[in-house]
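> Test case, fold it:
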Amino acid sequence: MHLDALKTKIEPQFYEVLDGLGIKELRPSQEKSIDAGLFDGENLLVCTPTASGKTLVAELAMIDGILKRKGKAIYIVPLKALATEKYKEMKQRYGHLLKVGVSIGDLDSADPYIAQNDLIFCTSEKLDSLIRHRAEWLKDVATVVVDEVHLLNDASRGPTLEILLTILRDLLKNVQIIALSATIGNPNDLADWLEAKLVEDKWRPVELHQGVLLEDKIEFKKRKS
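Predicted coordinates:
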């Protein structure tokens, strides 16, 4: 799918940013996500390799939704450092179109200042805290992105993320959830639980080779013809 195909689907200012980034063709996972109802509010579970374009899938849902005044967007990540990294990247890219914020600090604070933002990055632990503090702006959230959603299986972080998603789906009846991961062992089961459409693809920008390193030499596994 060529980027031009999005001209009638997304806001003009958003299209200009993507065009300015030099994006000409959408990657397979992005096209499949659009076909699965990305712009129609469908929950999606996107399972594709690293660097295959999952983040842009999230951006398409979040940024266009904000610009069309559907509501705020939350991007959940597992680490504070990743939240800060994503915040800086998105603020640089979209800061002239909307307000971008990050909330990763004191778990005993409701961070009232964050209410002024349209796109908010946070960890699952911080979002759990914001819910418990009854942050008023949460009712205005229309899109929730969950990065590294396979961490639901993590013994330390999984329970918090699972409860968090359960509460959000109960509080926000019309919220769109976009879950992203490169490694999920049971994607169909997870998609069913999220009431999401499963988007899978094996395309990756760089071909993957398997090999064994022994005494400073790598022997790559021969591909089957």
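> where's the residue of the chain positioned farthest from its centre relative to residue 164, distance?
In the chain, the residue that sits farthest from the middle, by CA atoms, centre = their mean, is residue 215; the gap is 40.6 Å. Counting by CB to CB, to the nearest Å, the gap between residue 215 and residue 164 amounts to 48 Å. Backbone N, C-alpha and C define where each C-beta goes, glycine included.
> What segments of this structure are strands?
With strands called from DSSP state E, the chain shows them at 44-47, 72-77, 100-103, 119-123, 141-146, 176-181, 197-200, 211-214, 217-220.
> now this protein, which segments are flagged as low pLDDT?
In the predicted model, the chain carries pLDDT under 70 at residues 106-110, 203-209, 223-225.
> could you redo the last one with a cut-off of 80?
Low-confidence segments of the chain (pLDDT under 80): 105-111, 203-210, 215, 220-225.
> and residue 159, how many neighbours?
Residue 159 has 11 neighbouring residues, counting by other CB atoms under 10 Å.
> Offset the numbering so it begins at 10, please.
All set: I'll call the first residue 10, so the last point we hit is now residue 168.
> can you pull out the helices in this structure?
21-29, 37-44, 63-76, 89-103, 133-141, 167-180, 196-203 (DSSP state H).
> Run the angle between the fourth one and strand 150-155 for me.
Counting by axes from the mean of the first three to the mean of the last three CA atoms, to 10 degrees, helix 89-103 lies at 130 degrees to strand 150-155.
> And the first one, by the same measure?
Orientation check (the same axes, to 10 degrees): helix 21-29 against strand 150-155 gives 30 degrees.
> Tabulate the CA atom coordinates of helix 21-29 in CSV.
Extracted in CSV, the C-alpha atoms of helix 21-29 (Å, rounded to 0.1, in the frame of the first residue of the first chain):
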residue,chain,number,x,y,z
PRO,A,21,-3.9,16.3,6.4
GLN,A,22,-1.4,17.6,9.0
PHE,A,23,-0.6,14.0,10.0
TYR,A,24,-0.2,13.0,6.4
GLU,A,25,2.3,15.8,5.9
VAL,A,26,4.5,14.6,8.8
LEU,A,27,4.6,11.0,7.5
ASP,A,28,5.3,12.2,4.0
GLY,A,29,8.1,14.4,5.4
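> same for it, what does it pack against?
If you count contacts as 3 or more CB pairs under 8 Å, 6 or more residues apart in numbering; DSSP states H and E, helix 21-29 packs onto helix 63-76.
> Report the distance from the helix it packs on to the chain centre.
8 Å (CA atoms, centre = their mean, to the nearest Å).
> Touching, residue 58 and residue 211? I think so.
Yes. Between residue 58 and residue 211 a contact is recorded at 6.8 Å, counting by CB atoms under 8 Å.
> In terms of neighbours, single out the busier of these two.
residue 58 (17 against 11).
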